[in-house]
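Undergrad: got a structure for you, letters missing:
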DNA sequence: TTTTGATGTATCATGCATCAAAATTGTTGA
DNA sequence: TCAACAATTTTGATGCATGATACATCAAAA
């Protein structure tokens, strides 16, 4: 494992585990132990406890029983609920971004989409997924809604392990609606941005629910 | 202080501090220390650390610098953003609840509103506020959206200290739109439920923003 | 099938080193 | 002499490590 340089050990460990969750290094249903993490990171259990408490708080980890800490498996119902919530939240963010977007904001969005397309073309799916997330988060930033951004982060963290597995299997397009959203930002058309965002979120829905079904088979 | 009986000490302390935040026992900008909490609760610092990590994670507390832990003050911008988010989220919950509400669900809602009105009539504002929150959360439960309920809890926790102060000063009606929402649940009219919820959230908005202004004066 | 024991892990208490801010002291200029 | 400011000490709280205790879990024995 690499070094942990950050504000505090606890925060560093939180960031590390979060990334592992999104990158797919930690699989759903995988069991973790505080001592195990502490040993593998070369620290004691205390800062790991801090990080785990935070991760438990946003349901990025779950403790099924007292000494059973693991990566939660997202049920179909949970995924659909998150999708419904994201539709509202990210629709609001997209509408807000379209209302206030400056030229530099649009330029940033275009840059992110470009890097997404490049990563997809090169088959670098983890990077493509990261750019996809960056695009969605950027809209909340442009809209000037940090609290919304925080809520979104937590939702994406919960779907992270699932999504990474899905796009690793089926290499789907992620940027189709992104161009529409950018156009809506340029023309300050909030309604169009909201509609495009809704479409973007709902597009992979059926595919992912089917993917969840296949996971539940084994 | 009372006893702490729960799953674990950390959870108990989290619940305790959350309640103090919502009940207004902890004022905005009030400084806290881990050791102080531990002493006043009769525990050591470790479980308090756990609770504080969780509270920091959902921004119910903030650490302005390394050794400066305090109750955050909600700016006008933050309050307005939370209101906008709640409009979307609770609108979704109300619509979902209206779609699937059974007789027993409607009965529960009516019971909550009744207790709210009784508390208001008796001048028991903390209880009235609690019933108001209970009503909003109940809709998410009826809609079968636990994840949305979790997101909502965090948002309410952030506005808690402010709201308790506001309603302690200006004793306003809280149930006006609640009756409309209940009617919408009875007739399974999702659109009406959503609209009534939106009105319910936006009604006190201007009063609260003014209240924030007065707080910033001193 | 029930009981018992071993093993591993979590929760919590405690102690120490560190570090930041407050308090105190010392210094300088008018 | 006094006020203002800089340097230094003191206070106090955190981050982290470590150790004690208790509790699940699982397997072996009764």
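TA: In hand now; what should we look at? Owing to the predicted nature of the structure, the values given are computational and were not obtained by experimental measurement. Numbers count the residues shown, from 1 in each chain, chains lettered A, B, ... in the order given.

Undergrad: which residues are contacting the strand or helix carrying residue A:119?
TA: In this assignment (DSSP states H and E), residue A:119 forms part of helix A:103-121. Identification of contacts with helix A:103-121 by Cβ atoms under 8 Å, 6 or more residues apart in numbering or on different chains yields A:97, A:125, A:127-128, A:131-132, A:134-135, A:138-139, A:142, A:171, A:173-175, A:178-179, A:181-182, A:185-186. Every residue, glycine included, has its C-beta placed from N, CA and C.

Undergrad: what about it, average pLDDT?
TA: Averaging pLDDT along helix A:103-121 gives 94.

Undergrad: still on that earlier bit, filter the contacts of helix A:103-121 by proximity to DNA strand C?
TA: Among these, not one lies near DNA strand C by Cβ under 7 Å from any atom of the strand.

Undergrad: can you flag the buried ones in those residues?
TA: A:97, A:125, A:128, A:131-132, A:134-135, A:138-139, A:142, A:174-175, A:178, A:181-182, A:185 (16 or more other Cβ atoms under 10 Å in any protein chain shown).

Undergrad: what ranges does chain A have for its strands?
TA: Taking DSSP state E, the strands of chain A run over residues A:31-32, A:62-65, A:68-70.

Undergrad: quick one: the last one to chain centroid distance?
TA: Right, strand A:68-70. Distance, stretch centre to chain centre, for strand A:68-70: 21 Å (Cα atoms, centre = their mean, to the nearest Å).

Undergrad: who's in contact with that strand?
TA: When contacts are defined by Cβ under 8 Å, 6+ apart, strand A:68-70 is touched by residues A:29, A:30, A:31, A:32, A:33, A:34, A:52, A:61, A:62, A:63, A:64.

Undergrad: what about residue A:110, neighbour count?
TA: By the measure other Cβ atoms under 10 Å in any protein chain shown, the count of residues near residue A:110 is 15.

Undergrad: next one: it from residue A:175, what distance?
TA: 11 Å (Cβ to Cβ, to the nearest Å).

Undergrad: same check, this time on residue A:14
TA: If you go by Cβ to Cβ, the gap between residue A:14 and residue A:175 works out to 30 Å.

Undergrad: cool, residue A:39 as well?
TA: With distances taken as Cβ to Cβ, residue A:39 is found 41 Å from residue A:175.

Undergrad: which of the strands of chain A sits most buried?
TA: Here the criterion is mean neighbour count by mean count of other Cβ atoms under 10 Å in any protein chain shown, and of the strands of chain A the winner is strand A:68-70, at a mean of 16.

Undergrad: now do the contacts for the closest residue in space to residue A:169 that isn't next to it in sequence.
TA: In space, and not counting its chain neighbours, residue A:169 is closest to residue A:211: 7.2 Å by Cβ to Cβ, 6 or more residues apart in numbering or on different chains. Taking Cβ under 8 Å, 6+ apart, we find residue A:211 in contact with A:162, A:165, A:166, A:169, A:170.

Undergrad: tally of neighbours for the second one?
TA: The number of residues packed near residue A:165 is 16, by other Cβ under 10 Å.

Undergrad: who are the contact partners of it?
TA: Applying Cβ under 8 Å, 6+ apart to residue A:165 gives the contacts A:24, A:27, A:28, A:211, A:215.

Undergrad: from residue B:199, how far out is the fourth one?
TA: Note on residue A:211: its distance to residue B:199, by Cβ to Cβ, is 40 Å.

Undergrad: spatially nearest residue to the residue sitting furthest away from the middle of chain A, not counting backbone neighbours?
TA: Using Cα atoms, centre = their mean, the residue of chain A lying farthest from its centre is residue A:44. It sits 28.8 Å away. Counting by Cβ to Cβ, 6+ apart, residue A:38 is the residue found nearest to residue A:44 once chain neighbours are left out, at 5.8 Å.

Undergrad: over to residue A:196?
TA: Spatial nearest neighbour of residue A:196, chain neighbours left out: residue A:180 (4.0 Å); criterion: Cβ to Cβ, 6+ apart.

Undergrad: now the helices for chain A?
TA: In chain A, the segments counted as helices under DSSP state H are A:9-23, A:34-41, A:45-57, A:76-100, A:103-121, A:125-142, A:146-169, A:176-186, A:190-202, A:205-217.

Undergrad: could you export these as a markdown table, including distance to residue B:83?
TA: Putting the helices of chain A into a markdown table (distance: least, Cβ to Cβ, whole Å) gives the following:
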| stretch | distance to residue B:83 |
| --- | --- |
| helix A:9-23 | 29 |
| helix A:34-41 | 39 |
| helix A:45-57 | 23 |
| helix A:76-100 | 12 |
| helix A:103-121 | 24 |
| helix A:125-142 | 16 |
| helix A:146-169 | 10 |
| helix A:176-186 | 24 |
| helix A:190-202 | 18 |
| helix A:205-217 | 29 |
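
Undergrad: quick one: which of those is nearest DNA strand D?
TA: Set against DNA strand D and scored by Cβ to the nearest atom of the strand, the helices of chain A come closest in helix A:9-23, at 2.8 Å.

Undergrad: quick one: low-confidence residue ranges for chain A.
TA: Residue ranges of chain A with pLDDT under 70: A:1-6, A:217-218.

Undergrad: and residue A:140, how far is that from chain B?
TA: As for residue A:140, its distance to chain B is 10 Å (criterion: Cβ to the nearest Cβ, to the nearest Å).

Undergrad: let me see the contact set for the residue nearest in space to the middle of chain A.
TA: Nearest to the mean C-alpha position of chain A, by Cα atoms, centre = their mean, lies residue A:156 at 3.1 Å. The contact partners of residue A:156, by Cβ under 8 Å, 6+ apart, come to A:22, A:133, A:136.

Undergrad: no further questions, thank you.
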